[in-house]
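> Predicted model follows, preceded by the sequence.
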Amino acid sequence: MDPKKAAKQTFDFYRATFENTFSAMSMLQEHSQKIYDMYVDQMEVIPEEGRKAIREWIEAYKEGGKKFKSTMDESFQKLEEFFTETAKPAKKENRSTKEV
């Protein structure tokens, strides 16, 4: 098997795995936040300062996730460009224009 093709297939597998895993984690986080919101709305014992702190933590977590996803997407794009460049056939020189 061609090493470039094998590397590209491995890259595609890693990229798909990351996308699926990140998507699942995001859905879990959203679901957890909905459960938290329901729970906190029913618990009047939790002071407003505590609710605010948890909301800020959730927002920081979301923002960190967005930054991580953005960084990974940029890295995957660079690798994709690398594999695209290496997959292009090398240009053949025209012998009639080549100086001897």
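Thanks, I have the structure now.
> residue closest to the middle of the chain?
residue 69 (3.5 Å; C-alpha atoms, centre = their mean).
> What about residue 61, how many residues nearby?
Residues within reach of residue 61, counting by other C-beta atoms under 10 Å, total 13. (Glycine included, C-beta is placed from N, CA and C.)
> mind checking how far the helix or strand harbouring the residue nearest to the centre of the chain is from the chain centre?
Element membership of residue 69 [criterion: DSSP states H and E] is helix 48-87. In terms of C-alpha atoms, centre = their mean, to the nearest Å, the gap separating the centre of helix 48-87 from the centre of its chain is 6 Å.
> I'd like to know which elements it is packed against.
helix 3-42 (3 or more C-beta pairs under 8 Å, 6 or more residues apart in numbering; DSSP states H and E).
> so for the helix it packs on, what's the average pLDDT?
Helix 3-42 carries an average pLDDT of 90.
> so it versus helix 48-87, what angle?
170 degrees (axes from the mean of the first three to the mean of the last three C-alpha atoms, to 10 degrees).
> Name the residues of helix 3-42 that are buried.
Across helix 3-42, burial judged by 16 or more other C-beta atoms under 10 Å covers 8, 15.
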